[in-house]
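**Student:** need a structure here:
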Amino acid sequence: MLPYGYEIEIQGLVQGVGFRPFVYNLAKKSNLCGEVYNDTKALIIKLSCNEEDLKKFLNKLQKNKPQLSRIDEIKIKKIKCSYNDFCISESKINTKSSAMLSDFAICSECKKEFYDEKNSRFMYPFTTCTQCGVRFSIIKSLPYDRKNTSMSSFELCKSCQNEYKDPLNRRFHAQPLSCPKCKINIFLKDKNQNILFKDKEAVKQAASLLNNGKILAFKGLGGFHLMCDALNLHTLKELRLRKKRAKKPLAIMCKNLEMAQNLAFINEKEAEILESKEAPILILKAKKELELISFDSDKIGIMLAYTPLHLLLFEYFKKPLVATSANLSGESIISNEKDLLDKLSCVFDFYVDYDRDIVNSSDDSIAQVVNDELMYLRTSRGKRPQYIKLDDNFQKKKTLALGAELKNEFALCYDDKILLSPYMGDMKSIDVQKRAKKLIDFFIKTYELEFDYVLADKHPHFSYTKPYKANAFIQHHYAHACAVMFEHKIYTKSIVFCFDGTGYGDDAKIWGGEILKADLKSYERIAHFSEFKLINTDIKNIQNLVLSLIFKWNLEDNATKFLEKIDEKKLRNLKKIYSLSKIHTSSLGRIIDAFYALAFGEEKLDFEAQAGLCMEKFYDFKLDYTYHFEMKQNTICFKEAFLQALNDDKIKICTGFLNALANFIYSYSKEFLKQNKDIKDVILCGGVFQNSTLLKILKIKGLNYKTGLNFPVNDSSIALGQIAHFLKK
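**Tutor:** The predicted structure is shown next:
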């Protein structure tokens, strides 16, 4: 036995993920003596060993660490110690520093047991271990112990207790642990809350109802889904009618990869993402048009069954399912029975519930693969909350960043880390504001925080920011830029293309087609799309956007084909409203909507990304056709492109516009970098750059750019951008 050894401090996501039993088993196999325990900020390992054994141990540890863990930093120091065995010691935890993990898909080991007829958890719909399942959705307070979760009322049976206490078992300290003997109960109910069936029979009968064309509310991991047969046209029409969701795409849940491959083209990387622990909804190219699912898009959003409860449902229902969030339009996903009945009883026919409460609701994350890179469009289940350790480039101040009004996620800084919230939604909704406040208050109470700084958007009329008394304000598009620079660790000046729908500009106008020269400390607006006036604030009325451009350039003689569809009296009134309007915008998002309205003759949008998705579908890579955008001083003029589009068909408009945009970004970048030798990086940010076709064209052209991948390029990352700018040294 050596009189000395080493203390290893591992920082990152190493608590509550099975790291201690992993270390215990590794040490035992390596014949090493010592101990492992959690302390305030890290996992501590003490080993009585020589340097060579230490290196071998650390090599195995880093190569084989638990799936849900993340190592940010390892610190090692030599110590005096004397051990004759290896043990897991009692934790020395300060709850103010503990991380809360997100919820994850069922792991391969639990899935194997679920399908094993000889296993005690065969077909048990809540089987889990330390490497999968619920975390954030059940936690009430820290530390993450069973008594502080919604599992507190479920008493463990003797068998589960033995697993829970055994460091050699992968269920060691798995807080959501249960089995058929100490089970979570499932209920199939009607809208009068009558229990029709329980447990496995409830799921079996739910599948029968789905097969008979019924619409069900089905309690998932972070909230209820509205579910129905994805191939039943009558039911799909009824769901859209009841939910008032005319054209917005519906997410599909498949049992497994094989079922998904019948619906979409899936490459190796996409298959890996679908089957990952995050299991997001993945945007894929559809093999055939699924009627009433995606309408004018050739894409389909698919996720695989990510809980054993979903897998049990697919034992009795053999087709793809629509699985869309159960909520009122613009509100949060519903996670409890009362709200479900109060708000959505007119939408579903029956519902499946279980008696473990969802404490913190969460939506499904959404992602796509572009140019062989994974790009998240919404970050929630499986991705958030997320903790980011700050390096020495940033100050460590207690700061709350409130983020954007749309697609909101908030961020806060305490100790040496940033904490990113799950997706909240659109803060115009009082319901979403309440949900965000509840979660902010939860983090404040849990980590005993008092913020020195509260950051908000520059917009003076965002109601959700008022209660927090913000004392620093960051421009919307600059925050977009800062989020991407933070993700890619870019600390020098860059050229930034920030293209989106809406953001309050420094001149009190609506920006959205901006080129900036920026770093994390400051920015300069160097160019923007030509401004035009809005007829009114209803941006879904895209026919009015076309009229605004016609009136701006006096093109009524050129646009007779378009104008003859509009009643003369209505046209006169709209022109008068236009003449009095004082709402100016440079938004590329609105320009795209106008070109879409020309191409497809649409008067209104049903959902936000409709124009972009449709343009992607009708873009023709084989067609050598483009419009041109002209630079006049610091203004990007698109008048000639608009004139061409007035007489083009939809394929030419979609192809010509996206090519013009890509050509402009490419040529402007090259010229700018040529004239500014000290600048190396091209940043693309804002919702327009969710368009995978645009990114593919730019990649084909050879443009080396950085955009938001792990952190959404849309408004969800505004809070991250706000806090990254504010904390930059």
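
**Student:** do I have it right that K575 meets S548?
**Tutor:** No - K575 is beyond contact range of S548, at 10.1 Å (criterion: Cβ atoms under 8 Å). In short, each C-beta sits where N, CA and C put it, glycine included.

**Student:** ok, those two, which is more surrounded?
**Tutor:** S548 (22 against 14; other Cβ atoms under 10 Å).

**Student:** how many residues are close by the closest residue in space to S69 that isn't next to it in sequence?
**Tutor:** Once flanking residues are discounted, S69 sits nearest to V17: 4.6 Å by Cβ to Cβ, 6 or more residues apart in numbering. V17 has 22 neighbours, counted by other Cβ under 10 Å.

**Student:** again, but for K670
**Tutor:** 14.

**Student:** how about E90?
**Tutor:** Around E90 there are 9 residues (other Cβ under 10 Å).

**Student:** in terms of helices and strands, where is it?
**Tutor:** Using DSSP states H and E, E90 maps to neither a helix nor a strand.

**Student:** ditto for L61
**Tutor:** With DSSP H and E as the criterion, L61 is inside helix 51-64.

**Student:** quick one: contacts of that helix?
**Tutor:** With contact meaning Cβ atoms under 8 Å, 6 or more residues apart in numbering, helix 51-64 is reached by 6, 8, 22-23, 26-27, 30, 32, 47, 49, 71, 74, 76.

**Student:** narrow those to just the buried residues.
**Tutor:** When burial is judged by neighbour count using 16 or more other Cβ atoms under 10 Å, the buried members of the contacts of helix 51-64 are 6, 8, 22-23, 26-27, 32, 47, 49, 74.

**Student:** rewinding a little: can I get the contacts of helix 51-64 in a markdown table with pLDDT, distance to F497 and secondary structure?
**Tutor:** Listed next are the contacts of helix 51-64 as a markdown table, based on pLDDT from 0 to 100; distance: Cβ to Cβ, whole Å; DSSP: H, G, I helix; E, B strand; the rest coil:
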| residue | pLDDT | distance to F497 | secondary structure |
| --- | --- | --- | --- |
| Y6 | 95 | 49 | strand |
| I8 | 95 | 45 | strand |
| F22 | 92 | 44 | helix |
| V23 | 94 | 47 | helix |
| L26 | 95 | 48 | helix |
| A27 | 94 | 52 | helix |
| S30 | 94 | 52 | coil |
| L32 | 94 | 54 | coil |
| L47 | 95 | 51 | strand |
| C49 | 92 | 54 | coil |
| I71 | 91 | 35 | strand |
| I74 | 94 | 39 | strand |
| I76 | 95 | 44 | strand |
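
**Student:** nearest to E113 among these?
**Tutor:** Nearest to E113 among these, counting by Cβ to Cβ, is F22 at 19.2 Å.

**Student:** please name the nearest non-neighbouring residue to that closest one.
**Tutor:** F22's closest residue in space is P66 (Cβ to Cβ, 6+ apart), at 5.3 Å.

**Student:** tell me the secondary structure for that neighbour?
**Tutor:** coil (DSSP: H, G, I helix; E, B strand; the rest coil).

**Student:** that one: neighbour count?
**Tutor:** 18.

**Student:** do I have it right that it meets Q15?
**Tutor:** No - in this structure, P66 is not within contact of Q15 by Cβ under 8 Å, at 10.9 Å.

**Student:** how about the CA coordinates for the helix holding L61, as CSV?
**Tutor:** Output of helix 51-64 as CSV, limited to C-alpha atoms (Å, rounded to 0.1, in the frame of the first residue of the first chain):
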residue,chain,number,x,y,z
GLU,A,51,1.8,7.7,-11.9
GLU,A,52,1.6,4.9,-14.4
ASP,A,53,-1.5,3.4,-12.9
LEU,A,54,-3.1,6.9,-12.7
LYS,A,55,-2.5,7.4,-16.5
LYS,A,56,-4.0,4.1,-17.4
PHE,A,57,-7.0,4.7,-15.1
LEU,A,58,-7.7,8.2,-16.6
ASN,A,59,-7.3,6.9,-20.1
LYS,A,60,-10.0,4.2,-19.5
LEU,A,61,-12.2,6.7,-17.6
GLN,A,62,-12.2,9.2,-20.5
LYS,A,63,-12.8,6.6,-23.2
ASN,A,64,-15.6,4.8,-21.4
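
**Student:** good, wrapping up.
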